[in-house]
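# Using only what follows, build the 3D model:
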Amino acid sequence: MKRFAALVLAMAMVASLAACGNGNSAGSAGSAASGSQSSGGDDQTVYKITYANTVADSNPQAINAKYMAERMAELSGGRIEMTVFNNNKLGAFSDCFQQMQQPNGTVQMGDVSSASITQFSELYTPFALPFLFSSKEQSFEYFDNSETIKAIEEQFLADTNVRVLGYFYNDARALTNSKHAVVTPADCAGLKLRVMTSDVYLKTFEALDAAPVSMQFSELFSALQQGAVDGQDNGLILSMDSKFNEVQGYYTDLGHVQDTSVIFISESFYQSLPEDLQQVVVQAAQEAVEKERQDYADKLDQYLEEMSKTMEVTILTDEQRAAFKEACSSVYDWYRSEYPEYDLDAIMADIENY
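All right, here's what the predicted structure looks like:
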């Protein structure tokens with residue numbers, strides 16, 4: 001308990017330094033609502049939500065963002081209308097997130113990998129460390145039930161004015177490239193790899209002697225197509241939905257991160273909702289998360305078979321994957337020195353309980 005209390009305290013301490021989003025207090029979201037409001041307590045306002053994400057329409061996250069919108073409409077009796085914009089149609093997610101921070105922003109909700117928001121908060125950086133989770137099931141249990149995660153969500157809200165509603169599965173991150181098969185850590189040497197804008201991701205691939213480059217996801221396909229980068233690390237389904245198999249020749253199921261895509265909602269907009277509609281939003285998000293995770297599991301074998309038709313696929317043995325984990329051990333030493341506010345050993349011990 002002492003270690004856990006220290007961990008939560010450390011999270012709160014670092015959060016005050018980590019966030020660069022604004023701290024506007026909750027206010028009116030009049031630009032996001034339309035319709036008429038009747039007299040008395042019977043609120044018939046129709047609340048409109050714009051939802052942004054980065055994945056293709058066929059991705060389980062995109063499909064279940066739309067499922068979330070359907071459930072909101074059903075549960076609210078039509079009082080919530082959410083329109084989902086997939087595949088970066090509203091531009092870079094960083095810009096969409098900034099809109100969520102504003103009292104009257106043009107985007108109210110969205111989801112993106114937790115490692116993509118480090119410019120707004122560093123609270124989720126520990127969970128991008130390589131080989132931190134042993135399985136997707138362990139990560140699900142941890143993100144859904146850990147008191148540490150609940151403390152992070154509260155501090156994230158205080159720092160950014162954006163609320164976390166849940167965690168889609170963003171797949172086990174894998175490696176693709178256009179040069180050669182990657183079977184050992186030495187095979188990564190010299191590969192120019194696109195990574196998210198995250199120091200942890202950069203350090204991970206530097207530890208493997210690759211040449212990582214930070215880049216927005218919206219720019220990735222053209223960078224691969226033009227040879228500006230040799231490869232990238234994303235999950236199997238996202239890689240196929242994004243048609244990376246058309247510009248990449250080799251796939252390795254590295255599994256270095258069990259990635260999550262965090263579902264966000266503008267706190268200003270959330271507080272503008274009547275209490276019953278707040279509950280609707282929370283319930284719809286929870287239902288969508290459960291369905292999305294199952295959809296991922298159902299699609300993996302089909303997608304792997306499809307990928308094998310055009311790419312050389314490497315499935316690592318436990319021993320081969322352990323060699324990558326060992327090669328990345330220096331990233332943990334770097335993290336301890338770079339982020340002394342976090343009790344990394346306590347975080348790792350906490351995860352082992354799930």
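
# so who does V262 touch?
By CB atoms under 8 Å, 6 or more residues apart in numbering, the contact set of V262 is D111, V112, S113, S114, I117, Y124, V164, G166, Y167, F168. The C-beta positions use only the backbone N, C-alpha and C, and glycine is treated the same way.

# what about E341, distance to V280?
37 Å (CB to CB, to the nearest Å).

# quick revisit: give me the subset of the contacts of V262 that lies in strands.
Using DSSP state E, the subset of those located in strands is D111, V112, S113, V164, G166, Y167, F168.

# Would you map the helices across this structure?
2-18, 60-75, 93-101, 136-145, 147-160, 199-207, 220-226, 236-241, 267-272, 275-308, 318-327, 329-338, 344-352 (DSSP state H).

# So which of those is nearest D253?
The closest of the helices of the chain to D253 is helix 236-241. By CB to CB, the value is 7.3 Å.

# Determine the set of other helices and strands touching the closest one.
Packing partners of helix 236-241 (3 or more CB pairs under 8 Å, 6 or more residues apart in numbering; DSSP states H and E): strand 162-172, strand 174-177, helix 275-308.

# will you turn the ones you listed into JSON lines that also has mean neighbour count, distance to L90 and mean pLDDT?
Shown next, in JSON lines, are the helices and strands packed on helix 236-241 (neighbours: other CB atoms under 10 Å; distance: least, CB to CB, whole Å; pLDDT from 0 to 100):
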{"stretch": "strand 162-172", "mean neighbour count": "24", "distance to L90": "16", "mean pLDDT": "96"}
{"stretch": "strand 174-177", "mean neighbour count": "26", "distance to L90": "26", "mean pLDDT": "98"}
{"stretch": "helix 275-308", "mean neighbour count": "17", "distance to L90": "19", "mean pLDDT": "96"}
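
# okay if I get the ones you listed as CSV plus distance to I63?
Formatted as CSV, those follow (distance: least, CB to CB, whole Å):
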stretch, distance to I63
strand 162-172, 11
strand 174-177, 21
helix 275-308, 7
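
# These: which one's closest to L238?
strand 162-172 (6.1 Å).

# Look at Q119 and say how many residues are nearby.
14 (other CB atoms under 10 Å).

# Domain ranges for this structure, per the record?
Residue ranges for the domains of the chain, per automatic domain parsing: 26-170+260-301, 174-257+306-338.

# before we move on, the earlier item: what two of the contacts of V262 have the greatest distance between them?
Taking CB to CB, no two of the contacts of V262 sit farther apart than I117 and G166, at 15.1 Å.

# what's next to stretch 290-301, contact-wise?
P60, Q61, I63, N64, Y67, K136, F140, F168, Y169, D171, L236, I237.

# Farthest-apart pair in these, please.
Among these, the pair separated by the greatest distance (CB to CB) is Y67 and L236, which sit 21.2 Å apart.

# Out of these two, name the residue with the larger neighbour count.
Each of Y67 and L236 has its neighbours counted (other CB under 10 Å); L236 has more, 23 against 18.

# need the contact list for the closest residue to that one other than its chain neighbours.
Distances taken as CB to CB, 6 or more residues apart in numbering place Y303 nearest to L236, at 5.4 Å, with adjacent residues excluded. Residues near Y303 by CB under 8 Å, 6+ apart: L236, I237, M240.

# how close does Y303 sit to E137?
Taking CB to CB, one finds Y303 at 19 Å from E137.

# Pretty sure L202 sits against P212.
Yes: taking contacts as CB atoms under 8 Å, L202 lies within contact range of P212: 4.9 Å.

# Now list whatever residues contact both of those two.
In contact with both L202 and P212: V195, using CB under 8 Å, 6+ apart.

# Neighbour count: those two, which is higher?
P212 (24 against 18).

# what bridges to the more buried one?
L193 (DSSP bridges).

# cool, V84 as well?
Y51.

# give me every residue that touches A288.
By CB under 8 Å, 6+ apart, A288 lies in contact with N64, A65, Y67, M68, R71, G166, F168, I263.

# What's the separation between it and Y47?
18 Å.

# Just give the nearest non-adjacent residue to D241, would you?
Closest to D241 by CB to CB, 6+ apart is A56, at 3.9 Å.

# Next, count neighbours for that neighbour.
With other CB under 10 Å as criterion, A56 counts 18.

# Contacts only, for P130.
T204, A207, H256, V257, F324, K325, C328, V331.

# To clarify, my last question referred to L277.
Contacts of L277 (CB under 8 Å, 6+ apart): Y47, S76, R79, I80.

# what does T83 give?
K48, I49, T50, Y51, A69.

# Export those to CSV and append columns for distance to P103, pLDDT and neighbour count.
Shown next, in CSV, are the contacts of T83 (distance: CB to CB, whole Å; pLDDT from 0 to 100; neighbours: other CB atoms under 10 Å):
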residue, distance to P103, pLDDT, neighbour count
K48, 16, 98, 17
I49, 15, 98, 24
T50, 15, 98, 21
Y51, 18, 98, 24
A69, 23, 98, 20
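
# So which residue is smack in the middle of the protein?
Computing the C-alpha centroid of the chain and ranking residues by CA atoms, centre = their mean puts S113 first, at 1.7 Å.

# How much space separates that residue from K192?
For S113 relative to K192 (CB to CB), the value is 21 Å.

# before we move on, what about A115?
In terms of CB to CB, A115 sits 19 Å off from K192.
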